[in-house]
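# Fold the stuff below for me.
(2 chains)
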Protein chains: 2
Amino acid sequence: MVKYLNQTESINLDKDLFEKYKFSVDQLMELAGQSCAIAIARTYPSLKNSTQKILICCGPGNNGGDGLVCARHLKQFGYLPEIYYPKKTNNTLYENLLHQCIENDIPLLEDNVEYIASKQLHQFGLIIDAIFGFSFKPPVRDTFIPIICLLQNTTIPICSIDIPSGWNVEEGPPTEGGIKPEMLISLTAPKLCAKKFKGKYHYLGGRFVPKKLNEAYNLNLPEYPDTDLILLLK
Amino acid sequence: MVKYLNQTESINLDKDLFEKYKFSVDQLMELAGQSCAIAIARTYPSLKNSTQKILICCGPGNNGGDGLVCARHLKQFGYLPEIYYPKKTNNTLYENLLHQCIENDIPLLEDNVEYIASKQLHQFGLIIDAIFGFSFKPPVRDTFIPIICLLQNTTIPICSIDIPSGWNVEEGPPTEGGIKPEMLISLTAPKLCAKKFKGKYHYLGGRFVPKKLNEAYNLNLPEYPDTDLILLLK
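Numbers count the residues shown, from 1 in each chain, chains lettered A, B, ... in the order given. Just a heads-up that it's a prediction; the model follows:
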């Protein structure tokens, strides 16, 4: 069975991809975000060419970057993503990823969460949670409390990228509350908290792990079929 | 009908992607090379899990970079690529792309073309031509004459990335000789020389062109189906 990684293993695996295997963040974020878009399009085909939009909530780190890339590919696939990105990361990669989204005519929601909740939320058929990833350590910082609360209370289906935001990477949801995504896309390999995932669809994405790295971490990754870039785990 | 670009349009379109849309070379090369690997895997499925290998001939520029990325994705898809890369490009991006290939257990052929032709060529079921791209201006430099001659004279099927190497980007094959690929993968949009392509399979890859850019150049790109990253033009 595929290995579920603890937080230290996740961080070390990521480090190896960049340092030993010399991938760039641009490369792997592109592949990760693309695989998320493919999994989402496969799972929610009725949102294509629909008036129902997709809200992509992006955090300040790599998980948010995956979200920005995912938004752009969803747009290419004929969906209507919009981005909520309350704490923009101040470096060239992230600025460029956001610029690419804007130049692909993806709206950026600049309003606060209360306004989004009351005036805009009904337009969305799906919410992508790209807020926190495998390096998250509680507590949730103030800036993100309103959006996490929104995700906890909405009935719109949620798709979490890599980790349901606010969950403990190893333990899963907090004892009270916590978001309940309908879909989870584990990137590279699932993290321990994915064992607590009770939603309908669990995908694996990020088909770029070298065989040697798979073996070094005993990941026991399942074989992706043909040229597929995603794999349904559940 | 989809527009076939002249050399100046190709160069300007590429420039716009990097300067106006602020994509990084890492990002677009990853997507371009990945789309090539998908098209090749779809066209030559019998080479998967076969003893027949795929020879990837890489030039010194971006076309060669696409080839290195393609090699890595082919390896992920279960094929056996080997790389011939006679003039290695001396910058971090290319050094890292090559490193990623080597760390994915893709052999690098260091022998000269005569040795490859006499001792190794029979092992290959397909040759990928990633030598020159849309910025090529004749004549072929000395370093690449032997490999272009090999490609002209072999009976092994050839798949050219973006441009059949040695062809004039607008006019097509030279008056005498010239390589005759069985497959051509046009990246972003086809170039004028693709009108002279007489092979069996012509694919379009590189599904990342923003709508605005498509319109600005009147590319009239066909719609890719679903989440497909390639499209069969012929």
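
# contacts and neighbour counts: CA atoms only from here.
Noted.

# what about residue A:120, how many neighbours?
If you count neighbours by other Cα atoms under 10 Å in any protein chain shown, residue A:120 ends up with 14.

# Roughly how far does residue A:28 sit from chain B?
Applying Cα to the nearest Cα, to the nearest Å, the value for residue A:28 to chain B is 9 Å.

# pLDDT wise, what is the nearest residue to residue A:117 once chain neighbours are set aside at?
Sequence neighbours aside, residue A:150 is the residue nearest to residue A:117 in space, at 7.3 Å (criterion: Cα to Cα, 6 or more residues apart in numbering or on different chains). pLDDT recorded at residue A:150 is 96.

# number of nearby residues for residue A:150?
The burial count for residue A:150: 16, using other Cα under 10 Å.

# same thing with residue A:71?
32.

# so it sits right up against residue A:56, yeah?
Yes - Residue A:71 lies in contact with residue A:56 (Cα atoms under 8 Å); the separation is 6.9 Å.

# Mind listing the shared neighbours of those two?
In terms of Cα atoms under 8 Å, 6 or more residues apart in numbering or on different chains, residue A:71 and residue A:56 are both contacted by the residues A:81, A:82, A:83.

# Name the residues of chain A found near chain B, please.
For chain A, the residues in contact with chain B (Cα under 8 Å from any Cα of the partner chain) are A:21-24, A:26-27, A:30-31, A:38, A:41, A:73, A:76-77, A:96-97, A:99-100, A:103-104, A:207-208, A:210-212, A:226-227.

# do that again at 6 Å, thanks
A:21, A:22, A:26, A:27, A:77, A:96, A:100, A:104, A:210, A:227 (Cα under 6 Å from any Cα of the partner chain).

# Show the buried residues in the residues you listed.
A:21, A:22, A:26, A:27, A:77, A:100, A:104, A:210, A:227 (16 or more other Cα atoms under 10 Å in any protein chain shown).

# Save the residues you listed as CSV, and put in pLDDT too.
Output for those, formatted as CSV (pLDDT from 0 to 100):
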residue, pLDDT
A:21, 98
A:22, 98
A:26, 98
A:27, 98
A:77, 98
A:100, 98
A:104, 98
A:210, 98
A:227, 98
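
# and those as a markdown table, adding secondary structure?
Putting those into a markdown table (DSSP: H, G, I helix; E, B strand; the rest coil) gives the following:
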| residue | secondary structure |
| --- | --- |
| A:21 | coil |
| A:22 | coil |
| A:26 | helix |
| A:27 | helix |
| A:77 | coil |
| A:100 | helix |
| A:104 | coil |
| A:210 | coil |
| A:227 | coil |
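
# between those, which is closest to residue B:164?
Using Cα to Cα, residue A:227 comes nearest to residue B:164 of those, at 24.6 Å.

# For the helix or strand of chain A with the lowest mean pLDDT, buried residues please.
Lowest by mean pLDDT, DSSP states H and E among the helices and strands of chain A is helix A:113-115, with a mean of 92. Using 16+ other Cα under 10 Å as the test for burial, helix A:113-115 gives residue A:113.

# Could I have the CA atoms of the helix or strand following it written out in CSV?
As assigned by DSSP states H and E, the chain's next helix or strand after helix A:113-115 is strand A:124-130. The C-alpha trace of strand A:124-130 is given here as CSV (Å, rounded to 0.1, in the frame of the first residue of the first chain):
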residue,chain,number,x,y,z
PHE,A,124,-19.7,29.2,-7.0
GLY,A,125,-20.3,25.5,-7.6
LEU,A,126,-17.0,24.5,-6.1
ILE,A,127,-14.4,25.9,-3.7
ILE,A,128,-10.7,25.0,-4.1
ASP,A,129,-8.8,25.1,-0.8
ALA,A,130,-5.2,25.9,-1.6
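
# what angle separates the next helix or strand after strand A:124-130 from strand A:124-130?
Next helix or strand after strand A:124-130 toward the C-terminus (DSSP H and E): helix A:145-153. Interaxial angle, helix A:145-153 versus strand A:124-130 (axes from the mean of the first three to the mean of the last three Cα atoms, to 10 degrees): 120 degrees.

# So which residues make contact with helix A:145-153?
Here helix A:145-153 makes contact (Cα atoms under 6 Å, 6 or more residues apart in numbering or on different chains) with residue A:179.

# tell me the contacts of the residue nearest to the spatial centre of chain A?
When Cα atoms, centre = their mean is applied to chain A, the residue found nearest the centroid is residue A:161 (2.1 Å). Residues counted as contacts of residue A:161 (Cα under 6 Å, 6+ apart) are A:130, A:185.

# Go again with 8 Å.
Residue A:161 makes contact with A:36, A:63, A:66, A:67, A:128, A:129, A:130, A:133, A:184, A:185, A:186, A:187, according to Cα under 8 Å, 6+ apart.

# I'd say residue A:39 and residue A:203 touch.
Yes - at 7.0 Å, residue A:39 counts as touching residue A:203 under the criterion of Cα under 8 Å.

# quick one, which of the two is more surrounded?
residue A:39 (25 against 22).

# who wins for neighbours among the contacts of residue A:161?
residue A:36 (33 neighbours).

# check which helix or strand covers that residue.
Counting by DSSP H and E, residue A:36 is part of helix A:25-43.

# and that helix, what other elements does it pack with?
Here helix A:25-43 touches helix A:62-76, strand A:183-187, strand A:201-205, strand A:230-232, helix B:25-43, going by 3 or more Cα pairs under 8 Å, 6 or more residues apart in numbering or on different chains; DSSP states H and E.

# and residue A:12, how many residues sit next to it?
Residues near residue A:12, counting by other Cα under 10 Å, number 11.

# which residues are in contact with the host helix or strand of it?
Assessed by DSSP H and E, residue A:12 sits inside helix A:7-19. Applying Cα under 8 Å, 6+ apart, the contact partners of helix A:7-19 are A:23, A:24, A:25, A:134, A:135, A:169, A:170, A:191, A:213, A:217.

# List the contacts of the fourth one.
By Cα under 8 Å, 6+ apart, residue A:134 lies in contact with A:7, A:10, A:11, A:162, A:163, A:169, A:191.

# hmm, try it at 7 Å
The neighbours of residue A:134, taking Cα atoms under 7 Å, 6 or more residues apart in numbering or on different chains as the test, are A:7, A:10, A:163, A:169.

# Next, format those as TSV and append distance to residue B:222 and neighbour count.
Listed next are these as TSV, based on distance: Cα to Cα, whole Å; neighbours: other Cα atoms under 10 Å in any protein chain shown:
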residue	distance to residue B:222	neighbour count
A:7	44	19
A:10	40	21
A:163	36	32
A:169	43	26
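
# which of those lies closest to chain B?
residue A:10 (19.8 Å; Cα to the nearest Cα).

# Give me the distance between that closest one and residue A:132.
14 Å (Cα to Cα, to the nearest Å).

# What of residue A:207?
When distance is defined by Cα to Cα, residue A:207 is 21 Å away from residue A:132.
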